[in-house]
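**Q** Mind looking at a prediction? Sequence and model below.
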Amino acid sequence: MRAALRRVAEVPWDQLEEEVRIWAGDVRELSYDTEDVVDSLLGRVKGSEADTDMDDFKELVAKMKNLFKKGKARRQIATAMKDIKEQVQDVAARHERYKADGVFANLAAATRITAVDPLLVALYEDKQRIVGIETARDKLIEKLCLTDDASKKPKILSIVGFGGLGKTTLAKAIYDEVRSDFECTAFVSVSRSPDIKKVFKELLFEVDRQRYMSLRGATLNEKQLIEQLQESLGAKRYFIVVDDIWDVSAWKTIRYALMGSECGSRIITTTRNISVSKECSSYNDDMVHNMEPLSDGDSQRLFYKRIFPGDNMCPPELKEVSMNILKKCAGVPLAIITIASHLASNQQIKPSSQWYALLNSIGSGLTKGDTNFDEMKRILSFSYYDLPSHLKTCLLYLSIFPEDYIINRDRLIRRWIAEGFIQGDNLYEVGLSYFNELVNRSMIQPIYNDIVGGIHSCRVHDIMLDLRCDLASEENFVTIMDTIKVNMPLERKVRRLSMQKAELPNTQLATSSISQVRSFTIFRPAINQVLPLSRFEVLRVLDLQDCNLEEYGHFSISCVGNLLYLRYLGLRNTGLRKIPMDIGKLLFLQTLDLKGVDGNAEELLASFVWLRNLMFLYLGRITYLPVGHGSLTSLRELRGAYFTQDSDLEELRYLTELRELKFRLPSKYPPKKVHILLESLGKLHKLQSLHIASDDENIIDKMGDSVPASLGLDCIRLVGWYETMPTGISSSSLPLLSYLEICVHQVRLEDIRVLGMLRALRFVSLESDEDTSTEEERETERLFMLSTDAFPSVTRCLFKNVIFAPYMLPRGAMPMVNHLSFGLLVSEILSGRDLCIRNLASLQSVKH
C-alpha cells in the first residue's frame, strides 16, 4: 500500500480516478489512526514516572508486563488493535479489487497527460506585451562576452528561478537579440520527464534540417543521435538555449553533444533548481543568473497593459485595489498575467466588486473554474509533483503558517522532527538538508542573515501558498480555520489545526471532536479562539509562540502535562510568568521552548530530568537547571541556562550531543568553578556554537589565557573581558570558526594578524579599551601591514576602539568585506598619509 500511495502522490489530484482518491484518503486516515494507537500504547507503557535504576529496555519490558496484567487496559488495547486490523483488511481488499479493475493501471497514463507547452507561449508571445526584462537581457548579453574570442570552448550561462518568474521569456529575448551573430542556433525544451532522444531530434532539426530529413525514417539510439549532432555542429559557432532542465542527469547527457566545439559557441540553460544551474554553468556562480521579481513600476506596466490595452491607464476607482493585488503578486509575471487575464476576460473589464473579491481570495485558495487560474496552478504544480515524497510532505506543512509569515528555519525543522517527517540518526542535519533542497528547487524564498550571510528563515509566495493550501486541503493534511472558509463543514477528522485570524465565524469546532488532532498551532490574531487543552488526546505539536496568554485570561496551560504524546511545546513570548509544573510528565518531548517565560528566578522541577528524549531546550533569562540535568543526554541545543554558584557544572560534561550552548554566569563567580566549567566544556567535542554571558564583565578573564575550544566550533560569543587575546583563538585550534565576538583590554597588532588567518571567519567583533599606546608603539603600528590573503571570508568586521588604518590592508586582503568599522587617531588624519580605502572592492559601508 505504501508503494501504491507513493505512485498516487506523483499524479496531479485532478487526474486521479475517484475510486483512487477515496482509497488513498482512507489509507492516510488509517495510518494516522494506527500511529495514534501505537502512541497510546507507548504512553501507557512509559507511564508518568521513570525508574532511574533500570535501563530503558528493561524498564519498557517491565512496564509492558505490568500493563497487560491490568484487565481494563488489556481490553482497551485489544479492541483498538482489532478495529485497526479490520480497517487494514478493508482497504487491502479494495486495493486488490481496484487492481483487478485496472484502476491503478491508469496512473501511469495520467502522469503522461500534457497540456499546451508553456514554451510555446514564451516563443510566440507578442514582444510588445513583454515588460521588465530589458535590463536583465542586456546585462546577460554582456556577461556572455559575444565578441570575446579568447575563450574558444563553449561558454554556458544558467538562468534559475521558480516557476512563473519569466526564465524562458528572458532566455528567448536574449536568443532573439543575438542569434544573427552565430552560424546556427536552436531553442529546445527538456521538461520534467524528458524524452532525451526527442530533445536530440529537435536540436538536430533546428541546427541541420537537411541531415534531420535524411535520417527521418531511421531508428537511432542516444549515442547515434549525439554523434549526428556533433557532426552537424562540427566547426560551426552556435548559440543554443536548453530550456526547463529539471535534473542534473538530463543535462549531463545533453552536454555530450554540445561540448566538443571550440569555436566560441554560447549556451543558455534555464532551470528551477539551483543545484542544476551550478552544474550547468561554466566556471562558477558568475555564470548563474538568479531571476528577480519585476519592480513595482514594471509590475504596474505589465498589469495595466494586459487589462487596459489602449492607454494603459488605470481608472481612479481601481487604483487602490490594483496596487493591493500587485503587492500579492510580488513581481511574479505569471501571477500578474494570470490575474490580469481573469479581470479582463472576454475583452470586458470586471466591476470593482469582483476585483476586491479576487484580492481577498489570493492566499486563501485559487479561484476555481477559471481557465487562466487553472493553467497557472498547473504550471506551478509541476515543481511540486517533481519532489520526492518526503519533500512533498515537508512542503505541504508550510501551509500551517499564515500569508506573508516569516518562518524561522530551525523552528520549522524542529516541528518536522516532532511530526515524524524525519527518521533515522542526525535528525536536525537531515531536516536541514530537506530545507536546503526546497530552497535549491525554488519552492520557498530564503531570507538571509545580514551578519553572517546564512539562511535563517523563509517565506512562501502568496500564489504558491494558494497551491499548497489547496493540496493540503485535498489530502486532509492541514485544516486552516479563517474568515474565508466561513461555513466549512468538518466532514473529515482534523489532524493538523491552524488558527490564523481574529474573527472565526465558523462554529464547527465547538461541537466537533478534535481528540484526534496531532498538531495545534495558533497565531497571535486568533488568540481569542484558543481551545481548551483538555479536548486534545493525541497532540504531538503545541505551538503558541507569540500569543499573549497572560493577557487572554480564559486559557490555562496548567494541564499541559496530560498531553502525554507531546513532542513539541512552543511557549516562546507567550507572556507566561511561571513554567508549567508538570512538564516532567512529557516523556516523549523533543523540543521545549520557554524563551520569554521570564518571571522571577526559577528552577525547573526535579521531574524535568526525566525528559531523556529532549533535544532542543530554550529557557528564560533566569532559569536554573535542576540537579541531575546530566541525564538529558539527547540534548543538542541548550540556550538560556543560568548557572549559579551552587550549580553542579560537572554535569555539563555528560551532555555530549550538545551542538549549541548559551548560558549566563552570576557576578563574583569563584575561579574554582570557572576551572570546572572549562573542564566540562572541553568534553563537549560536538559543540559548534558557544555563547557565554555574565553579570560580571570581568568573569571571562578568570578563564585565564584559554578559551573553550573544539575543532568543530563555528561560533563564539564571549560577553566579558579578557586582559589579552587568548592563545586558543587560532587557525589551528578553531579551523571552522565563522563568527567571533570578543572583548580584550590590550589588543596587539599581532592579534589582528592571527584573526586574519581564520579562513572561515565571516563576522568578527573585536572590542578594546581606549588606545593607550606610546608614541614609539604608534610608530611601529604605522609600519604594520596584513598579508594579502588576510580575512579571506570576512563580510562584516567591527574593530571597536581598536586602532587600525586603511594602509594596513594590501590588495587582496578582506576581499569580501562589505561593512568595516575601526578606530583612527586624529594624528593619523592630520599626518597627510593616504587613508583612501581603495583595495576593498566589496565594501558598502565604513565607520570609524
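**A** Perfect, I can see it now. Residues are numbered from 1 along each chain as shown.

**Q** Need the CA coordinates for stretch 630-643. PDB is fine.
**A** Written as PDB, here are the backbone C-alpha positions of stretch 630-643 (Å, rounded to 0.1, in the frame of the first residue of the first chain):
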ATOM      1  CA  GLY A 630      23.300  15.500  33.100                       C
ATOM      2  CA  SER A 631      20.800  12.800  32.400                       C
ATOM      3  CA  LEU A 632      19.500  14.800  29.400                       C
ATOM      4  CA  THR A 633      21.900  13.100  27.100                       C
ATOM      5  CA  SER A 634      19.900  13.600  23.900                       C
ATOM      6  CA  LEU A 635      20.200  17.400  24.300                       C
ATOM      7  CA  ARG A 636      21.800  19.100  21.300                       C
ATOM      8  CA  GLU A 637      20.800  22.700  21.900                       C
ATOM      9  CA  LEU A 638      20.600  24.500  25.300                       C
ATOM     10  CA  ARG A 639      20.000  28.200  25.300                       C
ATOM     11  CA  GLY A 640      19.400  30.500  28.300                       C
ATOM     12  CA  ALA A 641      20.500  28.400  31.300                       C
ATOM     13  CA  TYR A 642      21.600  30.300  34.400                       C
ATOM     14  CA  PHE A 643      24.400  28.700  36.300                       C
END
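
**Q** just how off-centre is the host helix or strand of residue 473 within its chain?
**A** Counting by DSSP states H and E, the element that carries residue 473 is helix 462-474. Averaging C-alpha coordinates over helix 462-474 and over its chain gives two centres that are 17 Å apart (Cα atoms, centre = their mean, to the nearest Å).

**Q** Over the helix or strand just after that helix, what's the mean pLDDT, rounded is fine.
**A** Using DSSP H and E, the helix or strand that follows helix 462-474 towards the C-terminus is strand 479-481. Mean per-residue pLDDT for strand 479-481: 83.

**Q** what about residue 470, distance to residue 501?
**A** In this structure, residue 470 and residue 501 are separated by 18 Å, where distance is defined by Cβ to Cβ, to the nearest Å. All C-beta spots, glycine's among them, are computed from the backbone N, C-alpha and C.

**Q** which SS state does residue 742 fall under?
**A** With DSSP: H, G, I helix; E, B strand; the rest coil as the basis, residue 742 sits in strand.

**Q** Chain neighbours aside, what residue packs nearest to it?
**A** Using Cβ to Cβ, 6 or more residues apart in numbering and skipping the chain neighbours, the partner closest in space to residue 742 is residue 718 (5.2 Å).

**Q** from what I can see that neighbour touches residue 729, true?
**A** No: using Cβ atoms under 8 Å, residue 718 is not in contact with residue 729, being 9.9 Å away.

**Q** is it true that residue 566 touches residue 590?
**A** No: if you go by Cβ under 8 Å, residue 566 and residue 590 don't touch, sitting 9.1 Å apart.

**Q** ok, these two, which is more surrounded?
**A** Per other Cβ atoms under 10 Å, whichever of residue 566 and residue 590 has more neighbours is residue 566, with 27 against 22.

**Q** ok but the more buried one is inside a strand, no?
**A** No: residue assignment for residue 566, taken from three-state DSSP, gives coil, which places it outside any strand.

**Q** gap between it and residue 536?
**A** For residue 566, the distance to residue 536 (Cβ to Cβ) stands at 9 Å.

**Q** Which neighbours do those two have in common?
**A** Between them, residue 566 and residue 536 share the neighbouring residues residue 542, with contact defined by Cβ atoms under 8 Å, 6 or more residues apart in numbering.

**Q** outside of the helix holding residue 473, which residues touch it?
**A** 13, 162, 164, 328-330, 332, 334-335, 362-366, 376-377, 380-381, 384, 395-396, 398-399, 403-404, 443, 460, 477-480.

**Q** In that helix, which residues are buried?
**A** Judged by neighbour count using 16 or more other Cβ atoms under 10 Å, the buried positions of helix 462-474 are 462-473.

**Q** just stretch 586-593 next, same as before
**A** Along stretch 586-593, the positions that meet the burial threshold by neighbour count (16+ other Cβ under 10 Å) are 586-593.

**Q** which one of the residues you listed is nearest residue 415?
**A** If you rank the buried residues of stretch 586-593 by distance to residue 415 using Cβ to Cβ, residue 591 comes first, at 7.9 Å.

**Q** residue contacts, the closest one?
**A** With contacts defined as Cβ under 8 Å, 6+ apart, residue 591 is in contact with 414-415, 417-418, 567-570, 614-616.

**Q** Then residue 337 would be within a strand, right?
**A** No: under the criterion used here (three-state DSSP), residue 337 is helix, not part of a strand.

**Q** burial measure for the nearest residue to residue 290 once chain neighbours are set aside, as a count.
**A** When the adjacent residues along the chain are set aside, residue 290 lies closest to residue 160, with 5.8 Å between them (Cβ to Cβ, 6+ apart). For residue 160, the tally of surrounding residues (other Cβ under 10 Å) stands at 25.

**Q** do the one 5 residues further on as well
**A** Summarising burial for residue 165: neighbours were counted as other Cβ under 10 Å, giving 24.

**Q** Could you report the distance from it to residue 281?
**A** Noted for residue 165: a distance of 18 Å to residue 281, by Cβ to Cβ.

**Q** for residue 299, same thing?
**A** From residue 299 over to residue 281 the distance is 28 Å, taken as Cβ to Cβ.

**Q** Next: residue 589.
**A** With distances defined as Cβ to Cβ, the gap from residue 589 to residue 281 amounts to 46 Å.

**Q** same deal with residue 644?
**A** On the measure of Cβ to Cβ, residue 644 and residue 281 end up 56 Å apart.

**Q** With residue 618 instead?
**A** 40 Å.

**Q** Could you do residue 729 as well?
**A** Counting by Cβ to Cβ, the gap from residue 729 to residue 281 is 37 Å.
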